[in-house]
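Novice: what would the 3D arrangement of this be:
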Amino acid sequence: MKKRTKAAIAASAAAAVYGVAAYGATKALMDVAMKRDLPQQLHGKGSHLTGEREDEGYRAAQREAAQKLGTSHTETVLLRSREGLTLVGHFRKVENAERILIAFHGWRSTWYRDFGLLSEFWEREKCSVLYVEQRAQNESEGAYIGFGLTERYDCLGWVRWVMDHCGSDLPIYLTGVSMGATTVLMAAGMGLPEAVRGVIADSAYTSPRDIWRYVMGHNLHLPTLLATPIADGICKKRLAAGAGSCSTLVSLAETDVPVLLIHGEDDHFVPLKMAREPRRLPLALRSSRCARRGPCNELLYGPRDLRGGDAPLLAALREKRGALSLLLALKRGKAL
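Specialist: Numbers count the residues shown, from 1 in each chain. Model (predicted):
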């Protein structure tokens with residue numbers, strides 16, 4: 001009996017130690033993920049989290065393009081969030097614009113870094129662009145990065161800003177990279193104004209819970225069974241929303257806005273399978289080269305009532321330049 005008691009005490013003590021260690025490790029990772037100020041433990045170790053492989057040729061081109069966009073002429077604009085935070089955007093207006101893009105950068109990145117290589121293409125396509133600085137990053141206020149849970153409301157606010165300052169004559173498109181892509185996909189399921197004609201999401205994850213679990217288990221090789229509920233609890237305390245309380249899968253099922261998903265097969269931070277998880281019928285699918293992360297898959301999803309009308313859309317895709325052209329031609333809730 002005494003041996004059983006001692007064994008039980010030892011097991012309980014070991015479990016307690018493991019629980020404390022798991023909480024400490026998970027909290028440290030959540031600080032890295034969410035806190036505005038970059039924790040010291042992340043400096044020089046970002047690749048362990050993201051799993052990214054350095055491509056110096058791409059990085060050099062990205063740095064050059066980022067510097068060019070970052071020093072270009074833009075109008076700095078401000079938005080008050082629903083919590084009273086001051087958010088910053090940079091509006092680059094082109095003459096004879098045919099559409100307006102609202103662009104959201106990724107986790108711990110910048111607008112000029114993530115979109116520098118795209119900016120000249122957008123200008124040639126007559127796109128005025130509002131480059132958003134995500135909350136708790138760069139010049140925008142906020143204590144915690146919300147991984148899309150809080151930023152989706154900011155996205156709606158920026159849409160209203162564009163409509164108030166530019167009118168609703170030009171079609172609006174939402175676009176984002178990584179966390180920015182998840183932000184615009186989550187916003188797509190929240191009843192966007194009719195002026196918003198489409199969403200372009202590059203390397204989106206399905207939910208904060210999914211990406212945290214993947215990074216902890218796949219990139220950091222940590223046990224996720226206990227870490228996942230701990231991360232959920234920390235998220236609820238900081239954001240008043242659980243890590244799984246919103247998902248891009250639900251947003252895609254509810255939106256009536258055409259959505260273009262772009263994802264590289266060599267993405268080791270956000271796995272390609274997260275782009276393939278939506279159960280809705282893909283209206284177009286093709287492969288091409290992606291300069292950043294290997295072969296690139298492009299999936300185009302249409303509104304719910306386009307499920308049975310994929311044949312003419314696929315025919316149009318073959319005749320046009322690709323999925324992006326098709327997205328720009330689509331109307332909400334209607335086929336071509």
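Novice: where along the stretch 151-300 of the chain do the helices fall?
Specialist: 151-166, 179-188, 208-214, 227-239, 248-254, 273-276 (DSSP state H, counting those that start in this stretch).
Novice: for those, which one sits closest to residue 30?
Specialist: helix 227-239 (4.7 Å; CB to CB). For the C-beta atoms, the positions are set from N, CA and C on the backbone; glycine is no exception.
Novice: buried residues, that closest one. List them.
Specialist: By 16 or more other CB atoms under 10 Å, the buried positions in helix 227-239 come out as 227-228, 230-235, 238-239.
Novice: what's it packed up against?
Specialist: Judged by 3 or more CB pairs under 8 Å, 6 or more residues apart in numbering; DSSP states H and E, the packing partners of helix 227-239 are helix 2-34, helix 208-214.
Novice: let's verify residue 112: helix, strand, or coil?
Specialist: helix (DSSP: H, G, I helix; E, B strand; the rest coil).
Novice: element containing residue 108?
Specialist: For residue 108, there is no helix or strand it lies in under DSSP states H and E.
Novice: that one: how many residues sit nearby?
Specialist: Counted with other CB atoms under 10 Å, residues neighbouring residue 108 total 20.
Novice: low-scoring stretches of the protein, by residue?
Specialist: Residues of the chain meeting the criterion pLDDT under 70: 1-21, 39-55, 278-336.
Novice: domain parsing for it?
Specialist: 1-35+208-245, 58-204+246-336 (automatic domain parsing).
Novice: what's the most buried one of those?
Specialist: domain 58-204+246-336 (a mean of 19; mean count of other CB atoms under 10 Å).
Novice: dig out what the nearest residue to residue 166 once chain neighbours are set aside forms beta bridges with.
Specialist: Excluding its sequence neighbours, the residue lying closest to residue 166 (CB to CB, 6 or more residues apart in numbering) is residue 100, at 6.1 Å. In this entry, residue 100 is beta-bridged to residue 128, residue 172, by DSSP bridges.
Novice: ok, now which ones touch residue 100?
Specialist: Neighbour list for residue 100: 127-130, 162, 166, 170-173 [criterion: CB atoms under 8 Å, 6 or more residues apart in numbering].
Novice: residue 38: which of the helices of the stretch 151-300 of the chain is closest?
Specialist: helix 179-188 (15.1 Å).
Novice: other SSEs contacting the closest one?
Specialist: By 3+ CB pairs under 8 Å, 6+ apart, helix 179-188 packs against strand 99-104, helix 151-166, strand 172-177, strand 196-202, helix 248-254.
Novice: could you dump the ones you listed into JSON lines and include distance to residue 269?
Specialist: Listed next are the helices and strands packed on helix 179-188 as JSON lines, based on distance: least, CB to CB, whole Å:
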{"stretch": "strand 99-104", "distance to residue 269": "17"}
{"stretch": "helix 151-166", "distance to residue 269": "18"}
{"stretch": "strand 172-177", "distance to residue 269": "11"}
{"stretch": "strand 196-202", "distance to residue 269": "12"}
{"stretch": "helix 248-254", "distance to residue 269": "16"}
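Novice: how near is residue 197 to residue 168?
Specialist: Taking CB to CB, to the nearest Å as the measure, residue 197 falls 11 Å from residue 168.
Novice: surely residue 269 and residue 215 touch.
Specialist: Yes. With contact defined as CB atoms under 8 Å, residue 269 counts as touching residue 215 (7.4 Å).
Novice: check contacts around the closest residue to residue 117 other than its chain neighbours.
Specialist: Once flanking residues are discounted, residue 117 sits nearest to residue 65: 4.6 Å by CB to CB, 6+ apart. Listed by CB under 8 Å, 6+ apart, the contact partners of residue 65 are 116-117, 119.
Novice: all set now, cheers.
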